[in-house]
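Asker: Quick one: sequence and predicted model below, then my questions.
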Amino acid sequence: MPGTPGASRSRYLSRVPELSEAELDSSFKGIPLNQTLPLSAVPEQGWNVARGDLSLPALTLDVHALDNNIQTMQRYCERNGVLLAPHGKTTMSPQLFDAQIAAGAWAMTAATPTQASVMRRYGVGRIVLANELVERLALRWVSAELDRDPEFEFFCLVDSEDTVRMMDSILAERPPERPLAVLVEVGRSGGRAGVRDVDSACEVARAVHDAKHLLLSGVETFEGALTNAVDTAALEILDDLFSSVRESVTTISALGLFERDEVIVSAGGSMYFDLVIAALSQWPQLEAPVSLILRSGCYVSHDAGDYERKSPLAGRRAADEKLRLHDAVRLWGTVLSRPEPDTLIVGAGLRDAPVDREFPMPLSCFRDGDLRFDLGGQAEVLRMMDQHAFVRVDPALGIRPGDTINFGISHPCTAFDKFRFIPLVDEQFNVIDAVLTFF
């Protein structure tokens, strides 16, 4: 179906006005060849992805699913009395950051100082850096930002006494006007960063309490580093981690080491946030109030793979749960060749698709904008090269070179980084808006 210029504009174009005149050309995957235009002009072009109006490969977001997901996760958190600090590393799109914050997000989460700097550039006022911050230049930058903007709030992680002393000494070189808020990270053997036992958590907390330029604000963990399964063994691993977090918080509190009136406890990717809430949302034994902060990121687009199967708002959804996340993201590629009756070579590869969880899933085949074949269960990606996907297909399907395939993906966190320009589409794949990413 042809697009109608300017029709069904979504809200995302106007969210970050300074991006509206960003110049796009065919160096951005998806922009038609030999075309240059500002971001603000995208909705006026009447492009339709299925019709072949974009230069492929391209990644698109269904705007209605996107809107639903942002609102759904926020409603879920509010219903459960927890705060949401979406992990921005999933999309690194200031327009999506703004939409999440406008929906009620308490903060944005970053994984690196560079990501945090992008968030600050586009006006994010509260950031959780879900990592240890040990680089001298990064510490100085954060300190300067805190001094420059009294309203800015920033939190990072610590997991060793040596790190605490090093951070404090670096900050002392240019003493900040206010201390840097930190959370003790609790981990487990075989996981990522974080102290490995409660005694160590208390030692790190005591070191922060004694530091001149740091402020002990709470405890953090990341359960997704230990497992991405949902079987009994995985759940036992998570229970053990959450028990350690709970014991760390109560012991540090009993020692009088927290330095804020409110204690922050933070956890949560996009697969186990229901378990985080069940384990860590109630703290009757503490005198100080506790704020539980979820840092889920993948929910914003959801996916057709791992998160669709395992999210508590999708495949693991309780029978009485009315909230539902929907898959918003599609990868598009052109059939380049059919060298054997059961093999398609599609022009989308490792540079375009996430493959860390599983290969993309062929969903539909289009020709000149019309749906020709539903590929569910009739096609499978066998392997991928830099620019190509090898797709096994039912030989009876009349797919030919020049047709367009769209794919579902698994794991959004390794999808958005491959595209600087991501069109937003309606149900008929008309491009009605776009977002930019900054990886």
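Answerer: Arrived safely, thanks for sending.
Asker: How about the residue most central in space within the chain, nearest residue that isn't a chain neighbour?
Answerer: Central residue of the chain (CA atoms, centre = their mean): Thr90, 2.5 Å from the mean position. Spatial nearest neighbour of Thr90, chain neighbours left out: Gly297 (3.6 Å); criterion: CB to CB, 6 or more residues apart in numbering. Bear in mind the C-beta positions are built from the backbone N, C-alpha and C, glycine included.
Asker: With Gly315 instead?
Answerer: Arg309 (4.1 Å).
Asker: I'd assumed Leu325 was in contact with the one you found.
Answerer: No: counting by CB atoms under 8 Å, Arg309 stays clear of Leu325, with 11.9 Å between them.
Asker: Compare neighbour counts for those two and give me the winner.
Answerer: Legend: neighbour count by other CB atoms under 10 Å for Arg309 and Leu325, higher for Leu325 (26 against 14).
Asker: and the more buried one, what is it in contact with?
Answerer: Asn68, Asn69, Thr72, Met73, Tyr299, His302, Tyr307, Ser311, Leu313, Ala314 (CB atoms under 8 Å, 6 or more residues apart in numbering).
Asker: The second one: what secondary structure?
Answerer: Yep, that's Asn69 we're talking about. helix (DSSP: H, G, I helix; E, B strand; the rest coil).
Asker: how far away is it from Ile127?
Answerer: As for Asn69, its distance to Ile127 is 22 Å (criterion: CB to CB, to the nearest Å).
Asker: Quick check on the contacts of Leu325: which are buried?
Answerer: Asn68, Asn69, Thr72, Met73, Tyr299, His302, Tyr307, Ser311, Leu313, Ala314 (16 or more other CB atoms under 10 Å).
Asker: how about the fourth one, phi and psi?
Answerer: When read as degrees, to the nearest 10, the backbone of Met73 gives phi -70, psi -40.
Asker: do the same with the last one
Answerer: For Ala314, the backbone dihedrals are phi -150, psi -110 (criterion: degrees, to the nearest 10).
Asker: wait, doesn't it sit right on Ala304?
Answerer: No: assessed by CB under 8 Å, Ala314 is found out of contact with Ala304, at 10.1 Å.
Asker: Just the element for Ala353, please.
Answerer: Counting by DSSP states H and E, no helix or strand carries Ala353.
Asker: residues in contact with the closest residue to it other than its chain neighbours?
Answerer: Of all residues not flanking Ala353 in the chain, Pro360 sits nearest, at 4.9 Å (CB to CB, 6+ apart). By CB under 8 Å, 6+ apart, Pro360 lies in contact with Leu331, Ala348, Ala353, Pro354, Val381, Ala389, Phe407, Gly408, Ile409, Ser410.
Asker: Adding distance to Arg178, secondary structure and neighbour count, write these out as JSON lines.
Answerer: Putting the contacts of Pro360 into JSON lines (distance: CB to CB, whole Å; DSSP: H, G, I helix; E, B strand; the rest coil; neighbours: other CB atoms under 10 Å) gives the following:
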{"residue": "Leu331", "distance to Arg178": "45", "secondary structure": "strand", "neighbour count": "27"}
{"residue": "Ala348", "distance to Arg178": "48", "secondary structure": "coil", "neighbour count": "27"}
{"residue": "Ala353", "distance to Arg178": "44", "secondary structure": "coil", "neighbour count": "22"}
{"residue": "Pro354", "distance to Arg178": "40", "secondary structure": "coil", "neighbour count": "24"}
{"residue": "Val381", "distance to Arg178": "51", "secondary structure": "strand", "neighbour count": "21"}
{"residue": "Ala389", "distance to Arg178": "51", "secondary structure": "strand", "neighbour count": "29"}
{"residue": "Phe407", "distance to Arg178": "48", "secondary structure": "strand", "neighbour count": "27"}
{"residue": "Gly408", "distance to Arg178": "46", "secondary structure": "strand", "neighbour count": "18"}
{"residue": "Ile409", "distance to Arg178": "42", "secondary structure": "coil", "neighbour count": "26"}
{"residue": "Ser410", "distance to Arg178": "42", "secondary structure": "coil", "neighbour count": "22"}
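Asker: Among those residues, which one sits closest to Ala193?
Answerer: For the contacts of Pro360, the residue nearest Ala193 by CB to CB is Pro354; the value is 23.4 Å.
Asker: Got phi/psi on Asp426?
Answerer: phi -90, psi -170.
Asker: For the protein, give the helix that spans the most residues.
Answerer: Across the chain, the longest stretch assigned as helix under DSSP state H is helix 232-254.
Asker: Who are the packing partners of the next helix or strand after it?
Answerer: Later in the chain than helix 232-254, the nearest helix or strand by DSSP H and E is strand 263-267. Other elements packing on strand 263-267 under the criterion 3 or more CB pairs under 8 Å, 6 or more residues apart in numbering; DSSP states H and E are strand 214-220, helix 232-254, helix 273-280, strand 290-294.
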